[in-house]
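K.L.:
Task: produce atomic coordinates for the following.
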Amino acid sequence: MVGAAKARAKKAGVPFNITAADVVIPQTCPVLGLSLLVGQTQASDQSPSLDRVVPLLGYVRGNILVISNRANRIKNNATIPELRRVANFFEQHILGAWMKPKEI
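P.N.:
Below you'll find the predicted structure:
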């Protein structure tokens with residue numbers, strides 16, 4: 001996951017400074033509540049996915065979160081209820097905790 005993120009960061013020209021220790025994979029997706037399935041040979045909605053909370057900040061400590069592959073793709077083909085759950089999560093958690101001026 002970290003190696004792939006490093007390659008994506010280089011390709012996108014965004015900062016990268018994370019290590020494996022910075023990547024915490026929860027048992028369930030904090031956005032959609034799906035159980036995360038680690039070690040699958042093929043990606044699924046329940047695969048863990050490394051998200052850049054603020055994309056332009058890159059893969060840096062304090063700006064990454066492991067969520068489900070579904071939550072990370074949701075902007076592409078989401079239903080209205082799913083979009084509301086994503087919006088509610090980020091409004092409550094990201095704007096309140098992650099976006100403190102000292103962390104940006």
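
K.L.:
Tell me the helix or strand right after the lowest-mean-pLDDT helix or strand in the chain.
P.N.:
Within the chain, judged by mean pLDDT, DSSP states H and E, the helix or strand with the poorest mean is helix 69-77; its value is a mean of 81. Downstream of helix 69-77, the next assigned helix or strand under DSSP states H and E is helix 80-89.

K.L.:
residues making contact with that following helix?
P.N.:
Contacts to helix 80-89, defined as C-beta atoms under 8 Å, 6 or more residues apart in numbering, come from residues 30, 31, 32, 71, 74, 78. No exception for glycine: its C-beta is placed from N, CA and C like everyone else's.

K.L.:
rerun at 10 Å
P.N.:
Helix 80-89 is contacted from outside by 29-33, 67, 70-72, 74-75, 78-79, using C-beta atoms under 10 Å, 6 or more residues apart in numbering.

K.L.:
Stretch 51-62 too?
P.N.:
Stretch 51-62 is touched from outside by 2, 4-6, 8-9, 12-19, 21-23, 31, 50, 63-69, 71-72, 90, 93-94, 98-100, 102-104, with contacts defined as C-beta under 10 Å, 6+ apart.

K.L.:
Kindly tell me how buried the closest residue to residue 12 other than its chain neighbours is, as a neighbour count.
P.N.:
For residue 12, ignoring the flanking residues on the chain, the nearest one in space by C-beta to C-beta, 6 or more residues apart in numbering is residue 58 at 7.7 Å. Other residues within reach of residue 58, judged by other C-beta atoms under 10 Å, total 19.

K.L.:
separation between the spatially most central residue of the chain and residue 39?
P.N.:
Closest residue to the average C-alpha location of the chain: residue 51 at 2.2 Å, with C-alpha atoms, centre = their mean. From residue 51 across to residue 39, the span is 19 Å (C-beta to C-beta, to the nearest Å).

K.L.:
Not counting its neighbours along the chain, what's nearest residue 29?
P.N.:
Nearest one to residue 29, counting by C-beta to C-beta, 6+ apart, is residue 68 at 3.6 Å.
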